[in-house]
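In: generate coordinates for the sequence data below:
(chains A and B)
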Amino acid sequence: MATGEAMITTARRSRAARERPKPQGSHALADLIGLSPSMALFAVFVVVPIVAACVLSFLRWNGLGTPTWAGLANWRTFVDDPIAHNSLEVTAKLVVLSWIVQTPISMALGMFVAGRQRYRAVYAAVYLLPLLLSTVGIALVWQAVLDPEFGGLAWLGLHIHAQFLVQNWLGSGSLALYVLVAIIAWQFIPFHTLLYQVGRRQIPQNLYEAAALDGASRAQTLRHVTLPQLRYTIVVSSTLMIVGSLTYFDIIYVLTGGGPGYTTRVLSLDMYQAAFLDNTFGYASVLAVILGVIGVVVALGLVRFTGFSSMSSQREGMA
Amino acid sequence: MSRRWRLRPWNALTFVLGTGWLLVVLAPIYFMVLASLRTQGDYLTANPWLPTGPLTTSEYSTVFDAGLGTYLVNSLVVTASCIVLTVAISLGASFRMVRRTSRASGAFLKVLLFGLAVPIQAIIVPLYLLIDKMHLYDTLQALILVMSASAIPVSVLIMLSYIRDIPRELLDAMSIDGANEWKVFAKLIWPLSLPVLATVAIYDGLNVWNNFLLPLVLTQSSSVSVLPLGLYKFEGLYGIDVPAILAAVVLSVLPLLVLYVGMRRQMVRGIGGFSIR
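Out: As a prediction, the model looks like this:
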């Protein structure tokens, strides 16, 4: 989750770190005890699997017997696989829609709860509640609410004569993806609201006083003070949102399993299907590598593209 | 006073919109709690939005009889073990990284940063094969090891950004006074980093408690199911008994809710992880 921010912080800090003098004396034993447990665990359960995923993508293996070399065959399969292409498209749609839906709402709510009114602190506490529920829990609750026969929405639709609420929300090919985007937004907007709340609180009050003196309107203040000052938060929030929605799995797996048809089949679901239902580990690894590469590239790209380093130093000076 | 006049309609509007979102957040939660207090028969006929008719906790005993207690214990064991393991080894690593006495610590940090950007989905296939080869498939140990390993990057980075703020002079002064590294750790790093350990523990704990993909891939038997997987299995077993399923969801979130009410500040910081300092 915290990918973007982490890389940013560390990139920023390591510059300062290099300037410090090295402590004298031998610390070999302390280094051994301090570093080796985490290094070993991380190497075995993260680094080795990363390498293995790349290697596996060139092998043919059903999990039993011995794997055989497949060369580029798995990759060619991917190039010709219409389901995988569809999954890429659905994933891209999910990412873009999630960003478009979540960012403005989180930003507005964040500014709202950053206000000093007492009731807003209470609201802020309630807003965070969805973060306590597990993704599976959220999926099950929404499944019940959206049930076309006994769900809460359908009931409302029947009793207040709003027929449009009586829909097969998750069973309709034209609706399911948008419903998932909405549920995912319900799950993650609280987190991003928290980020924007903290970001808004860190903007120095004197900037607003100056804007007020200049007779700036509410819209002008938002455009020329708040948004530029929130750049840092926007980058962090967007990075987390995009990298996170690239890999959404739980909610979709539980609610639609990728259906109806292939309308909600995202890449991570495709990979799961190839690996654990079709037992084609080689091909699944191709999809996994693609997922990993997109994740890393997007995370790094966003940090670079938005000129993050210059922003962070500006912020450091302010603090 | 004219300023106040101008502000009023705006405040009213934000109040209405803010309250609107409050309802969006609360409606499904309210629906869940109310439905969990009904029998299946009542659930199918009663108004799902008003507490009319008989309410009962019988579905809660149903899910406990169906094994929710086991899932709860498994989740507690896995979460507690992961927190202890991750916090301990990440603190050790962060301490050495701050001291920067070996090249290894710098290199490790770079590897962690890269590992952080790689989503767990990208390595789930080799992880499954590896766990199988180690004869750890379908054990809680598998979950503890993998989840702890994948929590290392975030944990180290949160700790590092905090420990680095301990004044350099303090560390150097201790070294000059002849304190060995163990003393520096025990007298300085450990006591000063206690607050950030809480943040890391909560952040990791929430992630482990709610993780679904790893248990789905690495375990199978009911005896080692953790809560999210258990909930999913309930859905398969009791598909039509919605109150029972929702009762299970309510029970699964209860421990976190108690923590949230009891220590909201720390929980919020833990939820924010990095992004809040």
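In: right, and chain B sits closest to which residue of the stretch 101-250 of chain A?
Out: Relative to chain B, the nearest point of the stretch 101-250 of chain A is A:Ser134 (3.8 Å; Cβ to the nearest Cβ). Bear in mind the C-beta positions are built from the backbone N, C-alpha and C, glycine included.
In: backbone phi and psi for the closest residue in space to that residue that isn't next to it in sequence, please?
Out: Ranked by Cβ to Cβ, 6 or more residues apart in numbering or on different chains and with sequence neighbours excluded, the top spatial neighbour of A:Ser134 is B:Asn210, at 3.8 Å. When read as degrees, to the nearest 10, the backbone of B:Asn210 gives phi -100, psi 0.
In: where does the prediction get shaky in the chain?
Out: Looking at chain A here, since you left the chain open. Filtered on pLDDT under 70, chain A yields the residue ranges A:1-26, A:303-319.
In: the intended chain is chain B.
Out: Using pLDDT under 70, chain B drops low at B:1-7, B:274-277.
In: please parse it into its domains.
Out: According to automatic domain parsing, chain B comprises the domains B:2-36, B:59-271.
In: gap between the first one and the chain center?
Out: Per Cα atoms, centre = their mean, to the nearest Å, the displacement of domain B:2-36 from the mean C-alpha position of its chain is 27 Å.
In: that older thread, check contacts around the residue of the stretch 101-250 of chain A closest to chain B.
Out: A:Ser134 is in contact with B:209-210, B:212, B:227-228, B:231, B:252-253, counting by Cβ atoms under 8 Å, 6 or more residues apart in numbering or on different chains.
In: again, only this time at 10 Å
Out: Contacts for A:Ser134 were tallied using Cβ atoms under 10 Å, 6 or more residues apart in numbering or on different chains; they are A:140, A:250, B:75, B:206, B:209-212, B:226-229, B:231-232, B:249, B:252-253, B:256.
In: which parts of the stretch 1-150 of chain A are strands?
Out: Using DSSP state E, counting those that start in this stretch, the strands assigned to the stretch 1-150 of chain A run over residues A:59-60, A:68-69.
In: which element is the most centrally placed residue in chain A on?
Out: Most central in chain A under Cα atoms, centre = their mean is A:Gly244, positioned 1.7 Å from the mean C-alpha point. A:Gly244 is part of helix A:231-246, with elements assigned from DSSP states H and E.
In: gap between that helix and the chain center?
Out: A distance of 7 Å separates the centroid of the chain from that of helix A:231-246, by Cα atoms, centre = their mean.
In: count of residues packed around residue 49?
Out: No chain was given, so I picked chain A. Using other Cβ atoms under 10 Å in any protein chain shown, A:Pro49 has 26 neighbouring residues.
In: switch to chain B, please.
Out: 14.
In: ok, the residue nearest to it when sequence neighbours are not counted to A:Ser36 distance?
Out: Nearest residue to B:Trp49, sequence neighbours excluded (Cβ to Cβ, 6+ apart): A:Gly152, at 6.3 Å. Using Cβ to Cβ, to the nearest Å, A:Gly152 is found at 54 Å from A:Ser36.
In: these two: who's more crowded?
Out: Neighbour tally, A:Gly152 and A:Ser36, criterion other Cβ under 10 Å: the higher count belongs to A:Gly152, 24 against 17.
In: ok, now which ones touch that one?
Out: Counted by Cβ under 10 Å, 6+ apart, A:Gly152 has contacts A:141-142, A:144-146, A:165, B:27-28, B:30-32, B:34-35, B:47-49.
In: also B:Val16?
Out: For B:Val16, no contacting residues are found, by Cβ under 10 Å, 6+ apart.
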